[in-house]
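>>> Sharing a model prediction with you, sequence too.
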Amino acid sequence: MALLEVENLHIAVSVGGVLQPVVRGISFTVDDNETLGIVGESGCGKSMTSLAIMGLLEGTPVRITDGSIRYDGTELLQLSSKQRRAIMGNRMAMIFQEPMTSLNPVYRIGDQIIESLRQHKSISKKAARARAIELLDLVRIPNPSERVDSFPHQMSGGQRQRVMIAMALSCDPKLLIADEPTTALDVTVQKEVLELMSDLQERTGTAIIIISHDLGVIAETCDKVSVMYRGKIVEAGTTENLFERLAHPYTRGLLNSIPVVDHDVEWLEAIPGRVPTLGEELSGCAFHPRCPIATGLCIAKTPGDTYIAGNHAVKCHYADQVAS
Amino acid sequence: MSVLKLMPSALAGRKLATIGFLWLVLVLLAAVFAGVIAPFDPLELDPVNRLAEPGWPHLFGTDHFGRDTFSRALYGARMTVIIGVGSVVVALLSGGLIGMLSAYFTKLGHFLMRGVDVLMAFPALLMALVLITLLERSVANTIIVIGIVYATTTARILYGMTLKLKNEVFVDAAVCSGASHRSILFRHILPNLISPLLVQASFIFAFAQLQAAALDFLGLGLPPEVPSWGNMLSEERIYLTRAPWLLLYPGLLIILSVFSMNLVGDALRDNIDPRFKDDISGV
Amino acid sequence: MLAYTAKRLLTLIPTLLAASALVFLFVHLIPGDPASILLGDTATAEEVAQLTREMGLDQPLWVQYFVWLGNVLQGDLGTSVFFKTPVLSVIAAGAETSILLACMTMVWIVLIGVPIGVLSATMHGKWVDQVTSGGAMLAASIPTFWLGLYLIFIFSVGLGWFPSSGFPSLSDDGGLANLRYLVLPSLTLAAPNAALIIRLVRASMLDVAREDHVRTARAKGLHPANVAIKHVFRNALIAVAAAFGFTFAALISEAVVTETVFSLPGIGRLVVQSILRRDYPVIQGVILVIVVLYMVINLLVDLAYARLDPRVSLK
Amino acid sequence: MTEAILSIRDLKTHFQTQAAGFLGEKKVIKAVDGVSFDIAPGEVLSLVGESGCGKSTVGRTLTHLEKSTAGQALFDGQDILTLSPAQFRPLRRDIQMIFQDPFASLNPRLTIEQTLGEPLFIHGLAKNWAEARVLIAETLDLVGMAPEVMTRHPHEFSGGQRQRIGIARVMILKPKLVIADEAVSALDVSIQAQVLNLIKKLQRDSGISMLFISHDLGVVRHISDRVAVMYQGEIVEMGTKHEIFENPQHAYTRKLLSAIPRIKTRQVNA
């Protein structure tokens, strides 16, 4: 049994009373000490997935329509809100894309960390403060005993994201979900934050899910990768296996679209067409309108998983061809 | 999106606002056709039938001069529309222009907006009272006074909104295309302000009714002979215990109209560019 | 904090000077000779001539302004035409009523406006919200004098619970119990303002609820009520507190109508009566006092703002 | 080297932060603090650096969206920084700018035709709408869009399509110098590649000179001839693409290059 097991998850967003599917049946697992990367372009459903796991969809027009999310063997979707909250921020924590706005501007950062601590642990204010300073030190904030009394606006974006990480780690969660944790940061700061996350993982054994649009970030930090396109995981596997033999035309196209720094490419092999919009109906494989090797079969039939090597799964009728 | 298309989409699915809108249409019709519908001359005295209870032929009863309250209420609708539209035009034209130009031409704006700040140091009703002291009681002067009072807030709001638009990338793009100031102001900025302006207009219309009624009540608004809802309330207040309906009908008419205008303004506001929502504080 | 206050006070000076100049000019904008305007219709030619000399009305306008300003700074706002007493004492006589009325109104506004606003926001979209926010808008659409008249009709004339008019000073017989004279007026004055606060609390809270940091708070596993109060309401308070200040400042002048309805001996009614009596020195004095008060309260609001929002630098 | 089309010497753009009231202290932010470079005809020079380094301000100063504090910018031998708005207006035809955010850079109230027609009429390239439409259709075709889109409004298009329209607005004037400010940063990777290819192709075909401003080193390598690395308002290193990427000299350039996450894979497009 893995720490987190997501099975056949379906998520839909209500637009004017009509449910539009966003996530269309995805399954994956994450285990202790493991980092899973979920990568995809805007609207593919990756952020919705992370909010669904965390339990933050309440009060939004987004609904989980089917499937199961099991944490440590417990079915999260059947818990009461109260039971859910006991896990949130405690066994399971999350950091978000916008470090500039994700902290409450009117409270000192120390108090925000203390709030998280005291929510789940019976711990004195004094001890909580000491722990907050310790956590700030852990995420390499210089002068933690002073910075603990800073307000968010007195810190840079990178520092705020560290504070977010410190807050997320305050109750020693077993699972950390990071939704585009470095997208808003400069590359040099991104590197520091990603390194910090993997160092902390080594120390604590926390399972991590990183949601990102950046294939590079995922490739460098994750053990496993799931590539999402229009609500489905089209390719998944260990980072090594997957990048060794990219077997889905979309993943391949995505990789070819990225201009690299280490050598010259005359023309990028861009994926033609555009990212499908919400509510657009596509038969068969949703990628077929943009796929260079699509055939009548792709329009007619939705592909199932083809396994390339071990658990390297690909949703493409021609996966073997693409891989070789 | 044109202004005409704005209304149905704003009212869609909002029953209360739709009823409010229909009520305003009714008020407008009453204002236009008051002369045709009114069963009596609103100024005609009938001392024999003074303080008559509502019934036939006096639907809303008669006042202490025996004038037909229903007919006066119909003509009052005319005053409501005139005062409302007049104040909106004065406020939006003067305040809007000051706000827009101030935001666009920063140096001029620094000067003009300091002036607006000084005027804003006078609370709305106080400013109206000060101005009214200097002027004679007349319909035009009431419109000017209320218009000027709301011109200051309008200037502030338009200033803020124009500043936001001025920093928009599409304005930068227009500048880079070589567009002139006039073209940027009237082709790129103003069209984006039309719907927020419409919202602001509906709130000014609503507030203007309350201010006009308050001035009438204080005896500082419209000349006493003008049949306005505010004057009707002001004149009949001493008969509150003897003939409570005399204050009920004009009061309800004011409340319904102001409420309707607020509802419509609120519905429109929910439909405009979210950037501007916080700028316009109606009710 | 002190330095900031001092600095803000200094920046207030130009606005104050400009506003006072407008108030000064007010008398000169009235058609006719300022001296006879200030002295009223009953003044003799000698008196007019004397005042003309005293005020330097034969001097250039700006000289007159500074003479007037000098007098004002020494507490001399002129003499009431009607009462024949110094304007300052006429205003002072109405101060107790007006201040008590404003404070009592403010209490209602906070007690009614904040809880209902919070309720409305937390029940967003549900029937409670629709009823309260619709009701608030309706309340803001009622002319205050109409509401006041009907409150008198029901609670004074009908039920006899509260007196319908006047206000004996707290130092008169009855003492604190005299506050009952202000119950209906303060409720009247509070109604539209509380309605505005309800709408504002609701709107600000809904805005804050959409901010990223609220999601962070929820992700900590906090109870929804805790999120609503500690994170959403606390941040919305920044905008709401400012509105409290502006409302309080505006109450003094909004009370004009209420004080007239309830025949309260306050500054508001003094304005109206002075306008009808053409007692221009009093009008001028009251406007000046209210404007200065308005600005001082706005300054206090700014200071409160800085305390509530750490992003606002006081340096 | 042929004579530069744009030659910048010691450009400085400083901002004064507006402090409250007339007594507030004013702080000076030196966004651009002494920048010099040349762009040859047909050359693409990239300004690369992290947020706040001043790279965008350079572009905005050259298009008069910000006021320069000091320095010179010779365009075709004429110092454009000292020109009055009226004197600079005709030059705007030659110096065009592509903006970052495709959602914000098109006026939502105007049709595509109106947006693309405006610069034509301002610069007298079309006398009437019939003439304008011909040019608009040609340019839309150039950026890979059908002429039928002319009557539509921006909200009907995706981010990638809007950016193509933004590029069309620039290309329709046949400028000599294009300043592209983070022109592909807001786009999804798959769309970014399309637009990047388009910009590169248009630049090659028309021989336009380009100042390409970006934080993305991969994108910069892909499009540039030469690269200038900016840090805190100054250029810390400048050289040909290969000098910068294969043999970086400055510590900051090295730090930037080493910070980029790499994908270890069999090179599929080599």
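Noted; the coordinates are in hand.

>>> Give me the pLDDT value at the residue lying closest to A:Ser27 once chain neighbours are set aside.
Counting by C-beta to C-beta, 6 or more residues apart in numbering or on different chains, A:Ser27 lies nearest to A:Glu7, which is 4.8 Å off, once chain neighbours are set aside. Heads up, the C-betas are built off the backbone N, CA and C, glycines and all. At A:Glu7, the model reports a pLDDT of 96.

>>> mind checking which helix or strand A:Glu7 is in?
strand A:4-15 (DSSP states H and E).

>>> and if you look at D:Leu65?
Using DSSP H and E, no helix or strand contains D:Leu65.

>>> my guess is it meets B:Ala174, correct?
No: using C-beta atoms under 8 Å, D:Leu65 is not in contact with B:Ala174, being 11.1 Å away.

>>> near chain B, which residues of the stretch 51-200 of chain D?
The stretch 51-200 of chain D has residues D:60, D:63-65, D:89-90, D:92-93, D:96-97, D:99-101, D:104-110, D:118-119, D:122-123, D:166, D:169, D:173 near chain B, with proximity defined as C-beta under 8 Å from any C-beta of the partner chain.

>>> Just the buried ones out of these, please.
D:60, D:63-65, D:89, D:92-93, D:96-97, D:99-101, D:104-107, D:109-110, D:118-119, D:122-123, D:166, D:169, D:173 (16 or more other C-beta atoms under 10 Å in any protein chain shown).

>>> What does B:Gly219 show for phi and psi?
phi 80, psi 20 (degrees, to the nearest 10).

>>> do the one 5 residues further on as well
Taking degrees, to the nearest 10, you get phi -60, psi -30 for the backbone angles of B:Pro224.

>>> residue boundaries of the helices in the stretch 51-200 of chain C?
Along the stretch 51-200 of chain C, counting by DSSP state H, counting those that start in this stretch, helices occupy C:61-73, C:87-122, C:127-140, C:144-151, C:183-209.

>>> For chain A, find the nearest of these.
Nearest to chain A, of all the helices of the stretch 51-200 of chain C, is helix C:183-209, at 8.3 Å by C-beta to the nearest C-beta.

>>> Which secondary structure elements does the closest one sit against?
Judged by 3 or more C-beta pairs under 8 Å, 6 or more residues apart in numbering or on different chains; DSSP states H and E, helix C:183-209 is in contact with helix C:87-122, helix C:127-140, helix C:144-151, helix C:234-261.

>>> quick one: A:Leu169 and chain C, what's the gap?
12 Å (C-beta to the nearest C-beta, to the nearest Å).

>>> now swap in A:Pro276 and tell me
27 Å.

>>> Any idea which residue is closest to the centre of the chain?
You didn't say which chain, so I picked chain A. Closest to where the C-alpha atoms of chain A average out (C-alpha atoms, centre = their mean) is A:Ile211, at 2.3 Å.

>>> ah, no, chain D please
The centre of chain D sits closest to D:Ala180, judged by C-alpha atoms, centre = their mean, with a distance of 1.5 Å.

>>> same question, chain B
Central residue of chain B (C-alpha atoms, centre = their mean): B:Phe205, at 1.5 Å.

>>> Can you check the pLDDT for it?
Looking at B:Phe205, its pLDDT stands at 92.

>>> sec struct for it, please.
helix (DSSP: H, G, I helix; E, B strand; the rest coil).

>>> for it, what are its contacts?
Contact analysis of B:Phe205 by C-beta atoms under 8 Å, 6 or more residues apart in numbering or on different chains lists B:Gly84, B:Val85, B:Ser87, B:Val88, B:Met261, B:Gly265.

>>> repeat for B:Ala212
B:Ala212 touches B:Ile83, B:Ser87, B:Thr142, B:Ile146, B:Gly221, B:Leu222, B:Ser228, B:Gly230, counting by C-beta under 8 Å, 6+ apart.

>>> Throw those residues into CSV and include neighbour count and secondary structure, thanks.
Converted to CSV, these look like this (neighbours: other C-beta atoms under 10 Å in any protein chain shown; DSSP: H, G, I helix; E, B strand; the rest coil):
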residue, neighbour count, secondary structure
B:Ile83, 27, helix
B:Ser87, 28, helix
B:Thr142, 31, helix
B:Ile146, 31, helix
B:Gly221, 28, coil
B:Leu222, 24, coil
B:Ser228, 31, coil
B:Gly230, 31, helix
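
>>> Nearest to chain D among those residues?
Of the contacts of B:Ala212, the one sitting nearest to chain D (C-beta to the nearest C-beta) turns out to be B:Ser87, at 27.5 Å.

>>> and the gap between the closest one and A:Gly310?
According to C-beta to C-beta, to the nearest Å, B:Ser87 stands 76 Å off from A:Gly310.

>>> same question, C:Ile287
For C:Ile287 relative to A:Gly310 (C-beta to C-beta), the value is 85 Å.

>>> who has more neighbours, those two?
Neighbour tally, C:Ile287 and A:Gly310, criterion other C-beta atoms under 10 Å in any protein chain shown: the higher count belongs to C:Ile287, 24 against 9.

>>> The residue nearest to the more buried one when sequence neighbours are not counted: neighbouring residues, count only.
Computed as C-beta to C-beta, 6+ apart, the closest residue to C:Ile287 that is not its neighbour in sequence is C:Val23, at 5.2 Å. By the criterion of other C-beta under 10 Å, C:Val23 has 24 neighbours.

>>> Is it correct that C:Val23 is in contact with C:Ile290?
No: counting by C-beta under 8 Å, C:Val23 sits too far from C:Ile290 to count as a contact (9.8 Å).

>>> Any residues of chain B in contact with chain A? List them.
Within chain B, no position is adjacent to chain A by C-beta under 8 Å from any C-beta.

>>> Show me what the mean pLDDT comes to for stretch D:48-58.
93.

>>> Residues contacting that stretch, please?
A:186-188, D:8, D:11, D:13, D:31-33, D:35, D:47, D:66, D:181-182, D:211, D:213-217, D:220, D:227-234, D:256.

>>> hmm, back to that, what separation do you get for the residue nearest to the centre of chain B and chain A?
Remark: distance between B:Phe205 and chain A (C-beta to the nearest C-beta) = 31 Å.

>>> and that residue, how far is that from B:Arg156?
Counting by C-beta to C-beta - B:Phe205 and B:Arg156 are separated by 18 Å.

>>> Could you list every helix and strand that the lowest-mean-pLDDT helix or strand in chain C packs against?
Within chain C, no helix or strand scores below helix C:34-39, which has a mean of 74 by mean pLDDT, DSSP states H and E. On a contact count with 3+ C-beta pairs under 8 Å, 6+ apart, helix C:34-39 meets helix C:2-29, helix C:45-54, helix C:280-308.

>>> Looking at the ones you listed, which one is packed in the most?
Highest mean neighbour count among the helices and strands packed on helix C:34-39 (mean count of other C-beta atoms under 10 Å in any protein chain shown): helix C:280-308, with a mean of 20.

>>> from the chain's centre, how far out does the strand holding A:Glu7 sit?
Mean-position distance between strand A:4-15 and its chain equals 14 Å (C-alpha atoms, centre = their mean, to the nearest Å).

>>> That strand - contacts with which helices or strands?
Contacts defined by 3+ C-beta pairs under 8 Å, 6+ apart place strand A:4-15 against strand A:18-30, helix A:46-54, strand A:62-71.

>>> And those: which comes nearest A:Ser150?
helix A:46-54 (26.6 Å; C-beta to C-beta).

>>> what distance separates the closest one from the middle of the whole chain?
On C-alpha atoms, centre = their mean, the centre of helix A:46-54 falls 8 Å from the chain's centre.
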